[in-house]
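J.: my questions are about this predicted structure, shown below with the sequence.
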Amino acid sequence: MLSSANTVAVGIDIGGTGIKGAVVDLTTGTLLTDRVKIPTPSGGKPNDIVETVVELLSRLGDIPEDAHVGICFPAVVKNGRTMSAANVSNKWIGLEAEALFEKALGRDITFVNDADAAGYAEVRFGAAKDRKGLVLLTTLGTGIGTAIIYNGVLVPNAELGHLQIDGGDYELKASYAAKERDSLSWDKWTERLQKYYTELEKLLSPDLFIVGGGVSKNYADFLPLLNLNTEILPAVLRNNAGILGAADLAANGNS
Ligand code: BGC
């Protein structure tokens, strides 16, 4: 029998503009509390973000003592250390981030990349639930986050948003921020996405693509325009994906 520590956990999703968290039920993949959101302190510096996470956790109310806490973050995370920093201060690079949060919160945490958490959640509870084979999640936002999940197991830290295509980092061309910045119509943006997903198909032969990020709610405007050999579906967990994935990885591990 599972103890409540496997079924109730806390997920916190740190982003460049907001930090969100909730207590979640991992048997159903639903939130047990309201989602609390606090703006990311400007500059995104380590101590300021850590303080905001402490504040957020206190706003979630009484958390069962044995509840696991998972935190996801926009960086490559290797053995608890942040190796990069997307839309947060460069001071995160090389930092023992997991230990920093653990000290401030006074409890163990699990610390993972944001796209990894979101992709894992879609496989456990969302658009790719129970799908075997190679699932590739891409989040189209300020950058492009990616997660590789094979037969339900996450292969962490894929940074496929930074594929070099046309001589440059393609996140700068095909993210949702690039669509906005370059005032691209859906058609024009989809031409870039076509190039991006075709490259991913060529390199990885996935069984399923999941498209997340805020723009996935407008999937009808661009997914049908893509011509791919691989099935491609919109994410369904939206703003809760990072929270759910981080919480589940914390409570039940990567399996
Ligand atoms: C970063 C990834 C992150 C993604 C989404 C990219 O720029 O390199 O680590 O997952 O943005 O936040």
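T.: Cool, got the structure.
J.: quick check: residues of the stretch 151-255 of the chain near the ligand?
T.: Proximity of the stretch 151-255 of the chain to the ligand, by CB under 6 Å from any ligand atom, involves residues Glu159, Gly161, Glu171. In short, each C-beta sits where N, CA and C put it, glycine included.
J.: for the first one, grab the count of nearby residues.
T.: So the one you mean is Glu159. As a burial measure, Glu159 scores 18 neighbours (other CB atoms under 10 Å).
J.: residues in contact with it?
T.: Val76, Ser84, Thr146 (CB atoms under 8 Å, 6 or more residues apart in numbering).
J.: tell me which entries of those lie within helices.
T.: Members of the contacts of Glu159 lying in helices (criterion: DSSP state H): none.
J.: want to throw those into TSV with neighbour count, pLDDT and distance to the ligand?
T.: Below are the contacts of Glu159 laid out as TSV (neighbours: other CB atoms under 10 Å; pLDDT from 0 to 100; distance: CB to the nearest ligand atom, whole Å):
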residue	neighbour count	pLDDT	distance to the ligand
Val76	18	98	6
Ser84	19	97	6
Thr146	24	98	7
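J.: of the residues you listed, closest to Pro39?
T.: Distance to Pro39 across the contacts of Glu159 (CB to CB) is lowest for Ser84, with 22.2 Å.
J.: OK, contacts around Ala67?
T.: By CB under 8 Å, 6+ apart, the contact list for Ala67 reads Ser4, Ala5, Val8, Ala9, Val10, Val23, Ala251.
J.: thinking again about what came up before, got TSV for the residues of the stretch 151-255 of the chain next to the ligand, with pLDDT and secondary structure too?
T.: Shown next, in TSV, are these (pLDDT from 0 to 100; DSSP: H, G, I helix; E, B strand; the rest coil):
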residue	pLDDT	secondary structure
Glu159	98	coil
Gly161	98	helix
Glu171	97	helix
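J.: that older thread, from the contacts of Glu159, which land in strands?
T.: Thr146 (DSSP state E).
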